[in-house]
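Colleague: coordinates only, no sequence provided:
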């Protein structure tokens, strides 16, 4: 549903609390995400955001004040079937998000897609207007909170859809990390921008669980490790103790933790449950743990050499503390 001509989710952002260290491109802060309905008093703010350099490539040319009012006042006044909200961080507006029933906008959403059989399916669009808040994975957390607080509090909604531009990698990544699955291209009538149709059902995936990211996204190592987990050959993983609290904000894993297994393209593939956590010296990692990592290690020395390569740039000695985590695949999507 067109939020603005040639619009798309300008989704780069900031993390709230619990993302892996490698995601941090800007300092993380712990802040409260909330939502407030858009009002007429917010239109000047919307005009500024929609004209911002980081928004225009995805939402089209900067609109005039009159165009902003003409577009958003019908939403504010309940004259058109779209619910508009400001994204609030610690009480300060930083972006815009909207939701709507896809069946109410047939001129935009083409037939022949899964939502056609889901009369109450909902769509969402959003942008992070405050550029200072971009680049920190805020988008993923905003999506998760909005689903929990707004979209899926409506018991009749079976699924949520989004349609980011195929070239907007930040947007695609944010939705995938929030649990959405890419189900193919979407050619919207009158919109020349190639888009992807993303989907999240009202089920266990909407949990807000932390991700389990093995290796790095888009690498053959990620593909190999995930495949081993899905075959249940890989039931253990190792990380450096220094990457956790109090050195960072990342809490140590605990037995009983459930995480979403993330695939090669950052897509959610299932749920794993932590069964055991031990902190040991690198020199004390045993052969059974090395084998449980499912990477065909026949000796502890092979395990050590491979992990030192992965932890390149970090000094690893026999006394370096390693977090040895065992887990089980409990659900596969």
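Modeller: Here it is on my side, so go on. This is a predicted model, so every value here is computed, not measured.
Colleague: which stretches of the stretch 201-333 of the chain form strands?
Modeller: Along the stretch 201-333 of the chain, the stretches classed as strands by DSSP state E, counting those that start in this stretch are 211-212, 236-240, 258-262, 268-281, 321-332.
Colleague: deepest-packed of those strands, please.
Modeller: strand 211-212 (a mean of 22; mean count of other C-beta atoms under 10 Å). Where C-beta positions appear, they are placed from N, C-alpha and C, glycine not excepted.
Colleague: related to what we said a few turns ago, any chance of the strands of the stretch 201-333 of the chain in TSV, plus distance to residue 106?
Modeller: Below are the strands of the stretch 201-333 of the chain laid out as TSV (distance: least, C-beta to C-beta, whole Å):
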stretch	distance to residue 106
strand 211-212	35
strand 236-240	47
strand 258-262	33
strand 268-281	29
strand 321-332	35
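Colleague: can you redo these as CSV with mean pLDDT and distance to residue 292?
Modeller: CSV is the format used below for those (pLDDT from 0 to 100; distance: least, C-beta to C-beta, whole Å):
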stretch, mean pLDDT, distance to residue 292
strand 211-212, 86, 15
strand 236-240, 96, 4
strand 258-262, 85, 16
strand 268-281, 91, 10
strand 321-332, 91, 7
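Colleague: those strands: which one's closest to residue 102?
Modeller: Across these, residue 102 has its closest neighbour in strand 268-281 (21.7 Å, C-beta to C-beta).
Colleague: name every strand pairing with that closest one and say which way it goes.
Modeller: Its sheet considered, strand 268-281 pairs with strand 258-262 (antiparallel), strand 321-332 (antiparallel) by DSSP bridges.
Colleague: give me the residues contacting it.
Modeller: 176, 179, 181, 204-205, 209, 211-212, 226, 229-230, 241, 252-263, 318-333 (C-beta atoms under 8 Å, 6 or more residues apart in numbering).
Colleague: and the strands in the stretch 51-200 of the chain?
Modeller: 82-89, 92-101, 122-128, 159-162, 181-186, 195-201.
Colleague: of those strands, which shows the lowest average pLDDT?
Modeller: Mean pLDDT is lowest for strand 181-186 among those, at a mean of 85.
Colleague: partners of it, with directions?
Modeller: By DSSP bridges, strand 181-186 pairs with strand 195-201 (antiparallel).
Colleague: residues in contact with the partner strand?
Modeller: Residues outside strand 195-201 that contact it (C-beta under 8 Å, 6+ apart) are 8, 113-114, 147, 158-166, 172, 175-176, 178-188, 206.
Colleague: could you do stretch 32-48 as well?
Modeller: By C-beta under 8 Å, 6+ apart, the surrounding residues in contact with stretch 32-48 are 16, 63-65, 68-69, 72-73, 75-76, 83-91, 93, 96-97, 129, 138, 141-142, 145-146, 149-150.
Colleague: list the buried residues of it.
Modeller: 33, 35, 38, 42, 43, 45, 46, 47 (16 or more other C-beta atoms under 10 Å).
Colleague: what's the distance between the spatially closest residue to residue 120 that is not a sequence neighbour and residue 165?
Modeller: Spatially, and ignoring its direct neighbours in sequence, residue 120 is nearest to residue 156 (4.7 Å; C-beta to C-beta, 6 or more residues apart in numbering). Between residue 156 and residue 165 the distance, using C-beta to C-beta, to the nearest Å, works out to 29 Å.
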